[in-house]
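Student: Got a predicted structure plus its sequence, pasted below:
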Amino acid sequence: MPGSGRGGRRRREELARLRRENLVPRQEREILVKAAAFFAKETTR
């Protein structure tokens, strides 16, 4: 079974930690993409 055996728990914990760390930059990127689209649309008016 995947994840079992040596280091399986450590790997799952590290993966969970990395996903949490990635959450904020992902949200920031999403906001910046929306802002860029908004301002691009505003400049073409």
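Tutor: On my side now, so go ahead. Numbers count the residues shown, from 1 in each chain.
Student: check contacts around K34.
Tutor: Listed by Cβ atoms under 8 Å, 6 or more residues apart in numbering, K34 has no contact partners. To be clear about C-beta, it is placed using only N, CA and C from the backbone, and glycine gets the same treatment.
Student: what about R11, how many neighbours?
Tutor: For R11, the number of neighbouring residues by other Cβ atoms under 10 Å comes to 13.
Student: Can you tell me the element it falls in?
Tutor: helix 8-43 (DSSP states H and E).
Student: and that helix, how far from the chain's centre?
Tutor: 3 Å (Cα atoms, centre = their mean, to the nearest Å).
Student: Can you give me the buried ones in it?
Tutor: The neighbour-count check on helix 8-43 (16 or more other Cβ atoms under 10 Å) flags nothing as buried.
Student: for it, what is the average pLDDT?
Tutor: Rounded to a whole number, the mean pLDDT of helix 8-43 is 95.
Student: Numbering from 48 from now on, please.
Tutor: Right, with 48 as the first residue, what we last looked at is helix 55-90.
Student: Using the three-state scheme, assign R53.
Tutor: Three-state assignment for R53 (DSSP: H, G, I helix; E, B strand; the rest coil): coil.
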